[in-house]
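1. Generate a structure from the sequence data that follows.
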Amino acid sequence: MDAPPLELPSVGLGTMGIDDPAVIETALELGYRHLDTAQIYENEAVVGEGLARALESNVVDRDDVTVATKVWADSLAPEDVRRTTCESLERLGLETVDLLYVHRPIDTYDPETTLPAFDDLVADGLVGHVGVSNFTVDELERARGILDSPIAAHQAEYHPLFQSEELLEQAREHGSPLVGYAPLSGGRVRDVEAVASVAAKHETTPEAVAIAWLVAKEGVVTIPKASSRSHLAANLEAVELELESEDIGRIDALEREEELFPE
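-> Model prediction:
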């Protein structure tokens, strides 16, 4: 039986650089229900420990949390996909990971052999959904032609200084979310005049505006990273900020070429 479509909350937690399980536990206490990690972050055990603590204290039910990780580019040969995914599960302390991404379609990635290995993990119950990350539209289309599983999510850099309408249109066409990472432009949103002026107008922060701008877009969710309780809470609360169409238009009109994480 096919898994139901993946539904992700508007704001999840990007965990790159987080090395304290207490941050994960606090995020879950505050209401985060999507945790995003990766093999290359070297913190899957941290995420797993934080989740385990929250489960132990009945902060959250396992079924309510989407845990995502990613297979790094040096492990995309079929035998390495399975081996490293099992290692990820062990570090996370899980029997199944909800969402497993191809992290980048480079190095050992071969769509004809890599993607069937992801399908096999779904068939074996080790993975709930297949995702891809940092793909072009052409790479997405080729992947869709090979996978038996639907592409449940495409994770890509998306923020006021780097916007891809092509990827967004593609996500909407196929009904799968675009998971925007680096939503605060690597901390640069404070220095972007259009974002700062919208923030002043609404008496809020540029960070809140950047997140609100993203989640106002149909088909987009985002995964800002935060470590302090106050920043974790503020990023969740940004969903409640209602921007006007002229606010969104000002940010949409920005130059869109400052990619933070090129291949």
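2. Please count neighbours and contacts with C-alpha atoms only from this point.
-> Will do.
3. buried residues in the lowest-mean-pLDDT helix or strand in the chain?
-> None of the helices or strands of the chain scores lower by mean pLDDT, DSSP states H and E than helix 165-174, at a mean of 93. For helix 165-174, a neighbour-count test (16 or more other Cα atoms under 10 Å) marks 167-168, 170-171 as buried.
4. going on from it, what's the next piece of helix or strand?
-> Sequence order places strand 178-181 as the next helix or strand after helix 165-174, per DSSP states H and E.
5. For the helix or strand following that next one, give me every contacting residue.
-> The helix or strand immediately downstream of strand 178-181 is helix 193-202, counting by DSSP H and E. For helix 193-202, contacts defined as Cα atoms under 8 Å, 6 or more residues apart in numbering pick out 189-190, 205-206, 208-210, 247, 250-251, 254.
6. repeat that for 10 Å
-> Defining contact as Cα atoms under 10 Å, 6 or more residues apart in numbering, one finds that helix 193-202 is touched by 160, 189-190, 203-210, 213, 241-244, 246-254.
7. Just the CA trace of the helix or strand following it, in CSV.
-> Note on helix 193-202: by DSSP H and E, the next helix or strand toward the C-terminus is helix 206-215. What follows is helix 206-215 as a C-alpha-only set of coordinates in CSV (Å, rounded to 0.1, in the frame of the first residue of the first chain):
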residue,chain,number,x,y,z
PRO,A,206,13.9,41.1,8.9
GLU,A,207,14.2,37.4,9.8
ALA,A,208,10.5,37.1,10.5
VAL,A,209,9.7,38.9,7.2
ALA,A,210,11.9,36.5,5.2
ILE,A,211,10.2,33.5,6.7
ALA,A,212,6.7,35.0,6.3
TRP,A,213,7.5,35.8,2.7
LEU,A,214,8.6,32.2,2.0
VAL,A,215,5.6,30.5,3.6
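8. so residue 12 makes contact with residue 24?
-> No - using Cα atoms under 10 Å, residue 12 is not in contact with residue 24; the gap is 11.2 Å.
9. overlap in contacts of the two?
-> 32, 35, 232.
10. The last one - that's part of a helix, no?
-> To tie it back to what came earlier, the one meant is residue 232. Yes - applying DSSP: H, G, I helix; E, B strand; the rest coil, one finds residue 232 inside a helix.
11. can I get the shared contacts of residue 12 and residue 24 in CSV with neighbour count?
-> Conversion of the shared contacts of residue 12 and residue 24 to CSV gives the following (neighbours: other Cα atoms under 10 Å):
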residue, neighbour count
32, 23
35, 22
232, 23
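12. and which of these is nearest residue 17?
-> Comparing the shared contacts of residue 12 and residue 24 against residue 17 with Cα to Cα places residue 35 closest, at 13.2 Å.
13. ok now stretch 196-204, how far from the chain's centre?
-> The chain centre lies 26 Å from the centre of stretch 196-204; the measure is Cα atoms, centre = their mean, to the nearest Å.
14. So that it lines up with my notes, have the first residue be 108 from now on.
-> OK, 108 is where the count begins now, so the last one is stretch 303-311.
15. what is the rounded mean pLDDT of that stretch?
-> Taken as a whole, stretch 303-311 has a mean pLDDT of 97.
16. Flag every buried residue along it.
-> 303-306.
17. contacting residues around residue 311?
-> Residues near residue 311 by Cα under 10 Å, 6+ apart: 303-305, 345, 348.
18. Out of those residues, which comes closest to residue 151?
-> Closest approach to residue 151 among the contacts of residue 311 (Cα to Cα): residue 345, at 26.6 Å.
19. so what's the closest one up against?
-> So residue 345 contacts 118, 311-312, 314-320, 322 (Cα under 10 Å, 6+ apart).
20. Same question for residue 245.
-> Contacts of residue 245 (Cα under 10 Å, 6+ apart): residue 251.
21. Wait, a strand at it?
-> No - remark: residue 245 does not belong to a strand; assigned using three-state DSSP, it is helix.
22. Pull up the gap between it and residue 288, please.
-> 20 Å (Cα to Cα, to the nearest Å).
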